[in-house]
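Peer 1: kindly return the folded structure for what I paste below:
(2 chains)
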Amino acid sequence: MSAGHPMQLDSLFGDYPLDRAFDEMREANGELRPQYRALAETLASLPADELQRRKQSADLSFLTQGITFTVYGRDEGTERIFPYDLLPRIITGPEWDRIERGLTQRITALNLFLRDVYSDAKILAERIVPRELVYSCKHYRRQMRGLQVPRNVYIAVVGSDLLRLNTGEFVVLEDNLRVPSGVSYMLTNRRVMKRTFPQLFSSYGVRPIEHYSQLLLATLRSLAPEGRPEPNIVLLTPGVFNSAYFEHTYLARQMGIDLVEGRDLVTHDNVVYMRTTDGLKRVDVIYRRVDDDFSDPLVFRGDSSLGCAGLFNAYRAGNVTVTNALGTGLADDKAVYAYVPRMIRYYLDEDPILPNVETYLLSDDKERQHVLANLDKLVVKAVGESGGYGMLIGPQSTARQREEFARQIQANPRNYIAQPTLDFSRAPCLIGKRLEPRHVDLRPYVLFGDKVNIVPGGLTRVALDKGSLVVNSSQGGGSKDTWILE
Amino acid sequence: MLSRVADSLYWMSRYLERAENTSRQLDVTMSLLLDTGGANVERRWEHLLASLGKPDGIEWNGSHEAMARALVFDDESPISIMFCVNGARENARQVREEISSEQWQRLNRLFHHIHSPHAQTQFTSSINETLSSIVDGIHLFQGVGDSTMIHGQGWQFIRLGRYLERAYATATMLEVYQTELFNAQERENSGYQYLEQVGLLRCCTAFEGYCQVYTADILPDRILEFLLLNRDFPHAIRYCVECIRTSIDSIQRTGGRRSPEDLTAGVGRLHAMLGFTTIGEILGGDTGAFLHNIREQCLRIHELIYRYYVHYSIQSALAV
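Peer 2: The predicted model follows:
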């Protein structure tokens, strides 16, 4: 086919395979889902090379804007762009409503759980969640016991990962309650998308997400300590070598707040200040993108230079808000995750709207035996890890890797969980000149200040390697713009 | 503004000014070497190095090309262009949210240019082209900065860095060359002498400016007067000090809880010294000492800027 002629749908799709997994664009019988029809028609009407040209121009725009992330384990400070797939992932209004209600319910329950565990611990006393599970979690912070956090909000910024199963139903794979990242890609993807397919975009009635930064700022402001009507809000970054440094600078600029490093902060009489050219300026709210362990060398890791000595005492005294609160990693521990449906019933007396993925706890003898016998079919994950590290994908593993994991599981069963290998949904991606299906997840961003706020959208991450189930940016993943329809 | 951010912006700017200074002085030296052939080669390189602040580790080694290459590409030497551009970019990278995207892109381009294999080939074929492409890159960055950045405190710290570096570097250069400039008067004025004097002006891109003020009559006392005391020429020390003064005033106006009395006094003193001294008085006294004194006052101003805005003690800040 020569340039200038519109592509036919057939040649664009080629032998686009459909199987058991849910396809975001096509029904099991091959028909296009209604919400994808206009997109497919537009693609088919473009001249053959036009799609490639738009892809190149989108890539270039990411590069010159310096929208990059840093890869660990290679040369220090290697910057790469996060691969971007041109085609949007489209979610209908009713589907989104369910996600929104489900996440609101879930985050509310998780927040109540954190408050409970760090105060009266009733849920443990009533043996809904086992005591030893909580107290053996490496992200449990004893120092948080009895500490009153503003508005009782522990998790102001959340990014939960959802998958769509072959029934079409969304399930929660994990909750990221510590320092979830990626929201800057959600926002920049949208900006690039509007430039790439302006007419298509406006014809679709996509719900806007651009006000995220403003909502985040309002959320942070709502958590300011009492008596600070004009709070000084800052974003605390580990610095230029952190993989999400771009995002930190982006959010700080979008919100118009200062981006500080630990060395910019000092505490005096339990008040946190930052060093400015006009002298010391009091800090009221810290949106921290530094892990618990590194936040205060006097209380946590003494060798950390990324935090601020004395920060925790100022926090305890109620003179500064640190958000997310410390110790929230407890509730996104992958073994504690298995109890979230029970938490929802316990605290809210409701049935969970978004189900969990079936999870085996390996500290249970029976479940462990079952898992060890079926390692080749299951996915095993270390409970405190994220970013796709510390994971065994049974069907894609070698006998050697399985032996290694079996040994580690027996040595420390509390440290692992297992889940069935999920056949989660796939969406069409532009691979070469054709559309091919790739596995996708969805990370919506939840904000929790005076109420729960979810911008309609999220980051759709794509496992760009054929057949791959890992969507993490550190492991060959890419992303797509996500359209939520009115 | 955060002290760390002010510090990074200030040094980003100083480093780029330093890179530009090295580029121009090296360019002039290389072109004078063409005219004067083998005469006084060693002394010429010694003067250049002294004028760049006598860096450790670089000495005349008998090869023009090796010397020039070191001054451009040796990333261990603090006066080399490569070192300075790296330093500027590293500082800029830490304050990405403060500078405009256009500024970042220009600086990034300059950085990638000087690290590219193309820069090496270009250097081998024409040193002059390499140097002028670097100076162009720096000018672009400065122009883009002036037209895209908010002219708030951050921009004022960029200006402070630029003009303090420039005043100091010009004073150093004049101190190194002034003896010969006047000794030469006793000898017969030759074509070579003219080239030397024009070279000195060109080190500060001052030749055309000079001609507009004094015509092409190149005289040593007028050169000194122009580079020291002219109030309108951006490379003249008096002009630089005036910019430093207005920048500090502006920083004080926009923030200013504490009044930096020593700092305003220090800048005011230097400003007055340059504003109310005639070239006759300077030449009548010890010219070298006068220039040296300017350098010391610049160092003092730098220290005071750091004491007031960056490295102030927490106790004194709490006491306010």
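Peer 1: quick one, what contacts the residue nearest the centre of chain A?
Peer 2: A centroid search over chain A (Cα atoms, centre = their mean) returns A:Gly159, at 3.8 Å, as the residue closest to the centre. Residues in contact with A:Gly159 (Cβ atoms under 8 Å, 6 or more residues apart in numbering or on different chains) are A:Asn176, A:Pro180, A:Ser181, A:Gly182, A:Val183, A:Arg443, A:Pro444, A:Tyr445, A:Val446, A:Gly458, A:Leu459. Quick note: C-beta positions are derived from backbone N, CA and C, even for glycine.
Peer 1: those residues also near chain B: which ones?
Peer 2: Subset of the contacts of A:Gly159 in contact with chain B: empty, counting by Cβ under 8 Å from any Cβ of the partner chain.
Peer 1: host element of residue 137?
Peer 2: Going with chain A. Assigned by DSSP states H and E, A:Cys137 belongs to no helix or strand.
Peer 1: meant chain B, my bad for not saying
Peer 2: Element membership of B:Gly137, judged by DSSP H and E, is helix B:127-148.
Peer 1: return the helix or strand in chain A with minimum mean pLDDT.
Peer 2: strand A:68-70 (a mean of 64; mean pLDDT, DSSP states H and E).
Peer 1: what ranges does the stretch 51-200 of chain B have for its helices?
Peer 2: Taking DSSP state H, counting those that start in this stretch, the helices of the stretch 51-200 of chain B run over residues B:64-73, B:81-93, B:101-115, B:117-125, B:127-148, B:153-186, B:191-203.
Peer 1: swap in chain A?
Peer 2: For chain A, applying DSSP state H gives helices covering A:9-13, A:37-45, A:50-64, A:93-117, A:122-125, A:131-135, A:183-196, A:198-204, A:212-222, A:245-255, A:311-316, A:340-343, A:365-373, A:399-411.
Peer 1: in a markdown table: these, plus mean pLDDT and mean neighbour count.
Peer 2: Shown next, in a markdown table, are the helices of chain A (pLDDT from 0 to 100; neighbours: other Cβ atoms under 10 Å in any protein chain shown):
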| stretch | mean pLDDT | mean neighbour count |
| --- | --- | --- |
| helix A:9-13 | 74 | 15 |
| helix A:37-45 | 90 | 15 |
| helix A:50-64 | 83 | 15 |
| helix A:93-117 | 97 | 19 |
| helix A:122-125 | 96 | 15 |
| helix A:131-135 | 93 | 15 |
| helix A:183-196 | 92 | 21 |
| helix A:198-204 | 93 | 13 |
| helix A:212-222 | 96 | 19 |
| helix A:245-255 | 91 | 22 |
| helix A:311-316 | 96 | 23 |
| helix A:340-343 | 96 | 20 |
| helix A:365-373 | 92 | 14 |
| helix A:399-411 | 91 | 14 |
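Peer 1: please name the nearest non-neighbouring residue to B:Trp155.
Peer 2: Leaving aside its sequence neighbours, B:Trp155 sits nearest to B:Met149 (Cβ to Cβ, 6 or more residues apart in numbering or on different chains; 5.1 Å).
Peer 1: neighbours of that neighbour, just the number please.
Peer 2: Summarising burial for B:Met149: neighbours were counted as other Cβ atoms under 10 Å in any protein chain shown, giving 17.
Peer 1: isn't it right up against B:Gln156?
Peer 2: No - using Cβ atoms under 8 Å, B:Met149 and B:Gln156 do not qualify as a contacting pair, with a distance of 10.5 Å.
Peer 1: which one is A:Arg253 nearest to, not counting chain neighbours?
Peer 2: Nearest residue to A:Arg253, sequence neighbours excluded (Cβ to Cβ, 6+ apart): B:Glu97, at 4.5 Å.
Peer 1: count the neighbours of that neighbour for me.
Peer 2: 19.
Peer 1: where does the chain dip in pLDDT?
Peer 2: Going with chain A. A:1-8, A:64-66, A:68-79, A:386-388, A:473-474 (pLDDT under 70).
Peer 1: you looked at the wrong chain, it should be chain B
Peer 2: Along chain B, segments meeting pLDDT under 70 span B:36-39, B:184-189, B:256-258, B:320.
Peer 1: for it, what lies in contact range of chain A?
Peer 2: B:1-4, B:6, B:93-94, B:96-97, B:101, B:104-105, B:108, B:153, B:157, B:251, B:255-258, B:309-310, B:312, B:314, B:317-318, B:320.
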